[in-house]
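[1] any chance you could fold what I've pasted below:
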Amino acid sequence: MEINDLTAAEERVWRAFPKGEPVDFREGSAEGDTADNPATGSDWGPERTVRASVLRALLLGAPHEDGEIPRLRLSGARVTGQLKLAYAVVDHPLHLRYCHFEESPDFYGSRLRQLNLRGSVLPAVNLASVRIDGPLRMTDCRVRGPVRLAGSQIAGALFMDGAELTTSDPSVPVLQLHQSVLGDGFAAPGLRVRGEVRLDGATVGGSIALDDAELSNPGGHALCARSLEVRADMRARNLRTQGGIDLRGSRIAGSLDFTRARLSNPGGTALRASSCTLGELWLYRCVPIEGRLHLRRSRIDVLGFESEVAPGEVLFNHLTYTALNPHEPVHRRLPLLERDGDGYVPYAYEQLTAAYRHVGDEAAARRVQLAKQRRHRATLPFLGRVWGHLQDTTVGYGFRPLRAAVWLLSLLAVGSVAYALHHPDPLKAGEAPQFNPVFYTLDLLLPVISFGQEGAFAPVGGYQFLSYVLILTGWILATTVIAGVSRSVTRQ
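    Prediction:
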């Protein structure tokens with residue numbers, strides 16, 4: 001392209017490029033000036049209009065000046081036509097800040113040094129399979145169609161803080177980052193998305209920051225990030241979602257932080273982090289989740305979770321965690337396990353028991369185990385439920401052994417008083433020992449120990465029936481105590 005074919009605005013850009021000098025068409029003194037708002041860029045005149053074909057020719061074949069480092073540094077321009085750089089190798093940093101693009105740029109499969117689109121307005125942008133040696137900046141961008149970054153490799157970080165992405169086709173993810181590799185982090189605090197964000201299979205070498213972001217895709221996935229790998233933290237404090245978050249199979253070395261977040265997907269799964277490996281999961285001071293919380297088969301070192309965060313259905317089967325924060329009373333934790341969508345899940349009770357023992361709260365651990373036995377009882381046939389009720393009433397399934405002592409003392413008192421008022425007749429008058437109502441009652445109650453009283457005297461009538469009751473009750477108490485002790489020994 002000859003310089004004679006250029007407009008005044010284009011010639012200004014052409015001459016500035018070899019020396020890397022900036023060209024700023026903005027008229028206002030502040031970036032927020034109405035006249036310089038890229039959203040109204042379609043009204044900008046020829047004095048700040050640059051054809052995309054000129055930019056392409058400049059980037060791919062413009063002459064260089066010795067001793068200078070060429071760069072395209074353009075701000076506040078209206079770019080007409082499509083910027084076609086598919087499969088191109090661009091060796092110069094590319095800055096197109098606060099520009100208005102009339103057509104979607106195409107960078108598919110290209111190799112770039114650096115790309116900065118800060119504050120620009122675009123119909124869409126295709127950066128799929130692109131390779132960028134530095135960072136990609138899309139801070140404060142406004143994109144009205146898909147941002148395609150699938151399969152991209154970005155050596156630096158991806159910046160999308162304050163960006164706003166929307167789409168007219170809800171079936172197409174508006175932000176496509178699946179199978180992409182980010183050498184550094186993904187910084188997107190304040191990001192606003194209307195549509196699906198897809199991060200399936202992506203690898204992030206640093207952290208993901210979604211603080212104060214708003215992701216909305218009602219009835220679908222607000223964030224779909226299956227098999228995501230994050231080598232640091234994923235922060236989503238004050239995140240607001242309408243639609244599900246799917247993180248199944250993801251690996252996050254640091255923390256997954258949803259502090260003060262509002263997760264909403266009524267009638268569906270609000271947060272699915274199943275089969276994940278997480279350093280920490282924080283659900284602190286959140287608005288109660290609207291939808292299902294799914295954490296099956298995940299392994300978490302520290303689970304920071306307040307009970308009232310999940311008022312609906314939960315799925316905790318085979319969820320493994322080492323520590324549970326904050327330390328809450330048992331009566332606040334147990335209702336969660338009762339709302340498990342899989343029904344009775346013994347593993348969930350064992351994990352909660354282990355968490356209480358981890359902090360030395362043995363009393364709380366016993367209460368969880370007692371609740372587990374009661375929940376298990378409901379799954380048994382009739383006779384099993386009867387026997388379970390009997391164990392629960394007498395000794396609390398072995399977790400309340402003092403109950404057995406109370407029962408024994410009560411029965412001992414009843415029997416001692418009854419037989420003290422009416423001594424049973426001796427079987428052999430000359431050979432019987434002196435009758436003692438207390439030890440006679442103990443002989444009836446204790447199935448193994450013998451004090452020589454039971455075999456020497458024979459009660460009659462109602463007192464004989466009382467002896468049968470005491471013998472039967474003694475056997476039941478002994479059996480339930482032994483069963484409870486056996487469970488306790490097995491746990492230890």
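[2] going forward, measure contacts between C-alpha atoms and count neighbours the same way
    Noted.
[3] any idea how far stretch 117-132 is from the chain center?
    Here stretch 117-132 is found 30 Å from its chain centre; the criterion is CA atoms, centre = their mean, to the nearest Å.
[4] send me that stretch as PDB with only the CA atoms.
    Output of stretch 117-132 as PDB, limited to C-alpha atoms (Å, rounded to 0.1, in the frame of the first residue of the first chain):
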ATOM      1  CA  LEU A 117      -7.500  -3.800  23.400                       C
ATOM      2  CA  ARG A 118      -8.200  -1.900  26.500                       C
ATOM      3  CA  GLY A 119     -11.500   0.000  26.500                       C
ATOM      4  CA  SER A 120     -12.400  -0.900  23.000                       C
ATOM      5  CA  VAL A 121     -15.900  -1.800  21.600                       C
ATOM      6  CA  LEU A 122     -16.100  -4.800  19.300                       C
ATOM      7  CA  PRO A 123     -19.000  -6.900  17.700                       C
ATOM      8  CA  ALA A 124     -16.900 -10.000  18.600                       C
ATOM      9  CA  VAL A 125     -13.300 -11.100  18.400                       C
ATOM     10  CA  ASN A 126     -11.700 -14.400  17.200                       C
ATOM     11  CA  LEU A 127      -8.500 -15.200  19.100                       C
ATOM     12  CA  ALA A 128      -8.800 -19.000  18.900                       C
ATOM     13  CA  SER A 129      -5.600 -20.900  18.700                       C
ATOM     14  CA  VAL A 130      -3.600 -17.600  18.900                       C
ATOM     15  CA  ARG A 131      -0.200 -17.600  20.500                       C
ATOM     16  CA  ILE A 132       0.800 -14.400  22.300                       C
END
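[5] which parts of the chain are helices?
    Applying DSSP state H to the chain gives helices spanning 8-16, 52-61, 330-338, 346-358, 362-377, 382-395, 402-421, 437-445, 462-491.
[6] format these as a markdown table; extra columns: mean neighbour count, distance to Ala128 and mean pLDDT.
    Converted to a markdown table, the helices of the chain look like this (neighbours: other CA atoms under 10 Å; distance: least, CA to CA, whole Å; pLDDT from 0 to 100):
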| stretch | mean neighbour count | distance to Ala128 | mean pLDDT |
| --- | --- | --- | --- |
| helix 8-16 | 17 | 27 | 93 |
| helix 52-61 | 17 | 18 | 92 |
| helix 330-338 | 17 | 43 | 91 |
| helix 346-358 | 19 | 43 | 92 |
| helix 362-377 | 18 | 51 | 89 |
| helix 382-395 | 16 | 61 | 78 |
| helix 402-421 | 16 | 69 | 82 |
| helix 437-445 | 23 | 81 | 85 |
| helix 462-491 | 16 | 55 | 72 |
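[7] so which of the ones you listed is nearest Val147?
    Set against Val147 and scored by CA to CA, the helices of the chain come closest in helix 52-61, at 18.9 Å.
[8] export that closest one as CSV, just CAs?
    The C-alpha trace of helix 52-61 is given here as CSV (Å, rounded to 0.1, in the frame of the first residue of the first chain):
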residue,chain,number,x,y,z
ALA,A,52,-8.6,-2.2,8.9
SER,A,53,-6.8,-3.0,5.6
VAL,A,54,-4.3,-0.1,6.4
LEU,A,55,-3.6,-1.6,9.8
ARG,A,56,-3.0,-5.0,8.3
ALA,A,57,-0.6,-3.7,5.7
LEU,A,58,1.2,-1.7,8.3
LEU,A,59,1.6,-4.7,10.6
LEU,A,60,2.7,-7.2,7.9
GLY,A,61,4.8,-5.1,5.5
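[9] how distant is that helix from the center of its chain?
    Distance, stretch centre to chain centre, for helix 52-61: 46 Å (CA atoms, centre = their mean).
[10] now distance to Gly41 too, for the helices of the chain, in JSON lines please.
    Formatted as JSON lines, the helices of the chain follow (distance: least, CA to CA, whole Å):
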{"stretch": "helix 8-16", "distance to Gly41": "15"}
{"stretch": "helix 52-61", "distance to Gly41": "15"}
{"stretch": "helix 330-338", "distance to Gly41": "53"}
{"stretch": "helix 346-358", "distance to Gly41": "57"}
{"stretch": "helix 362-377", "distance to Gly41": "64"}
{"stretch": "helix 382-395", "distance to Gly41": "75"}
{"stretch": "helix 402-421", "distance to Gly41": "81"}
{"stretch": "helix 437-445", "distance to Gly41": "95"}
{"stretch": "helix 462-491", "distance to Gly41": "71"}
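[11] looking at these, which is closest to Ala202?
    helix 52-61 (29.8 Å).
[12] so which elements touch the closest one?
    Counting contacts by 3 or more CA pairs under 8 Å, 6 or more residues apart in numbering; DSSP states H and E, helix 52-61 packs against strand 89-90.
[13] so how far is the strand it packs on from its chain's centroid?
    Centroid separation for strand 89-90 versus its chain: 40 Å, with CA atoms, centre = their mean.
[14] average pLDDT for that strand?
    Across strand 89-90, pLDDT averages out at 94.
[15] ok, that strand: who's next to it in the sheet?
    Take DSSP bridges as the rule and strand 89-90 pairs in its sheet with strand 111-112 (parallel).
[16] right, and the helices of the chain - which one's nearest Ser207?
    Nearest of these (CA to CA): helix 346-358, 28.5 Å.
[17] what lies in contact with that closest one?
    Under the criterion CA atoms under 8 Å, 6 or more residues apart in numbering, residues 316-324, 337, 362, 364-366, 368-369, 372 lie in contact with helix 346-358.
[18] try it again at 10 Å.
    Residues from elsewhere that reach helix 346-358 (CA atoms under 10 Å, 6 or more residues apart in numbering): 296, 303, 315-325, 327-330, 333-334, 336-337, 340, 360-373, 375-376, 491.
[19] quick one: Gly220 and Gln242 touch, right?
    Yes: assessed by CA atoms under 10 Å, Gly220 is found in contact with Gln242 at 8.6 Å.
[20] more crowded one of the two?
    The residue with more neighbours, out of Gly220 and Gln242, is Gln242; 24 against 19, by other CA atoms under 10 Å.
[21] any figure for the gap between the nearest residue to that one once chain neighbours are set aside and Ala225?
    Leaving aside its chain neighbours, Gln242 sits nearest to Ser216 (4.6 Å; criterion: CA to CA, 6 or more residues apart in numbering). As judged by CA to CA, to the nearest Å, Ser216 and Ala225 stand 15 Å apart.
[22] and what of Ser53?
    37 Å.
[23] can you check Glu350 too?
    Glu350 sits 30 Å away from Ala225, going by CA to CA.
[24] next: Ala236.
    Ala236 is 14 Å from Ala225, by CA to CA.
[25] phi, psi for the residue located most distally from the centre of the chain please.
    Distance from the C-alpha centroid of the chain peaks at Gly430, with 80.2 Å (CA atoms, centre = their mean). Backbone torsions of Gly430, given as degrees, to the nearest 10, read phi -80, psi -20.
[26] equivalent analysis for Leu83, please.
    The phi and psi torsions at Leu83 (degrees, to the nearest 10) take the values phi -80, psi 100.
[27] wait, what's in contact with the spatially closest residue to Ala8 that is not a sequence neighbour?
    Once flanking residues are discounted, Ala8 sits nearest to Glu47: 7.2 Å by CA to CA, 6+ apart. The contact partners of Glu47, by CA under 10 Å, 6+ apart, come to Thr7, Ala8, Ala9, Glu10, Phe25, Ala77, Arg78.
[28] who does the last one bridge with?
    It stands for Arg78. Beta bridges link Arg78 to Thr49, His100 when assigned by DSSP bridges.
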